[in-house]
Structures are given as C-alpha cells and as structure tokens.
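>>> Next input, structure requested:
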Amino acid sequence: MTSTYADNLKRLDIDFDFDAWKELAENDPAGFEKARQEMLQATIAAAPEKRQRRLRGLLWQLNIHRSRASNPMAACLISYQQMWDKVYGAGGLQDLLINGQPDARPESLAPVLAMEPGND
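Residues are numbered from 1 along each chain as shown. I've put the predicted structure just below:
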C-alpha cells in the first residue's frame, strides 16, 4: 500500500502552535530559524520522493527572496506573489488543471514545422 503525503505528515505528528512559534520568533530569532528549517525539511521529507527535489528548489527560491527582502512583511509579500505565480503563471497549477499538462503553453506560439531530410 502506497502512503500519501497526508499520511506522511500525520506520521510527523505536527501540532502547530502559532503562539509558541510567535514567542520563539520574538525571544529567540536564531532558535526560531533553526526550528523553522527543521520543520520545513521534515515536511519535504514527508512528501513523495519524486516531489522532494522540486520542493527543495521552491524552498531555495523562497529563501533567496526572503534574504533579499528589506523586512519580514516584504518577504511575506514576495512569497505570496511567488505562490500565485505558481498557480496562475505559465505552466502553473491552472494550466495543469485545464490542459492536463504542467508545461502547457499558449496556442498562440508559432507552429513547429517538419524538416525534410536533405533540405539544408
């Protein structure tokens, strides 16, 4: 029997306590960051193996954006925009749901022409 991502998360036994995380962030930023990284890595490890590389790539992108942001709110807004780009952008979730392909491209692109051998 194949376990699902949700089953894997349940096995992590994550009981997210917002107030505890808030207190940790306010009183021990380094401890918060360490716990955040551990939680993210555990969550990625709970994902199906074929998805883990992509999740690590997305996390890397988010971390780069966070490091370049001038403040936490700016980092939040950048992450929020990136999320919506992954849903509505080219090749995003919307394309997958509508076209059945994650890399669907608009039909307005030029057609690919067949090349006959010897017509160099």
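
>>> what's the top helix by length along the chain in contact with?
Looking across the chain with DSSP state H, the single longest helix is helix 49-68. Residues outside helix 49-68 that contact it (C-beta atoms under 8 Å, 6 or more residues apart in numbering): 5, 40, 44-45, 47, 75, 78-79, 82, 86. C-beta: built from backbone N, CA, C; applies to glycine.

>>> go with 10 Å
5, 37, 40-41, 43-48, 72, 74-79, 81-83, 86 (C-beta atoms under 10 Å, 6 or more residues apart in numbering).

>>> of the residues you listed, buried ones?
Buried members of the contacts of helix 49-68, scored by 16 or more other C-beta atoms under 10 Å, are 43-44, 46-47, 75, 78.

>>> can you redo those as JSON lines with distance to residue 33?
Below are these laid out as JSON lines (distance: C-beta to C-beta, whole Å):
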{"residue": "43", "distance to residue 33": "16"}
{"residue": "44", "distance to residue 33": "16"}
{"residue": "46", "distance to residue 33": "21"}
{"residue": "47", "distance to residue 33": "22"}
{"residue": "75", "distance to residue 33": "13"}
{"residue": "78", "distance to residue 33": "18"}
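
>>> Would you check which pair of the residues you listed lies furthest apart?
46 and 78 (25.5 Å; C-beta to C-beta).

>>> any weak-confidence spans in the protein?
For the chain, applying pLDDT under 70 flags the ranges 1-14, 101-111, 118-120.
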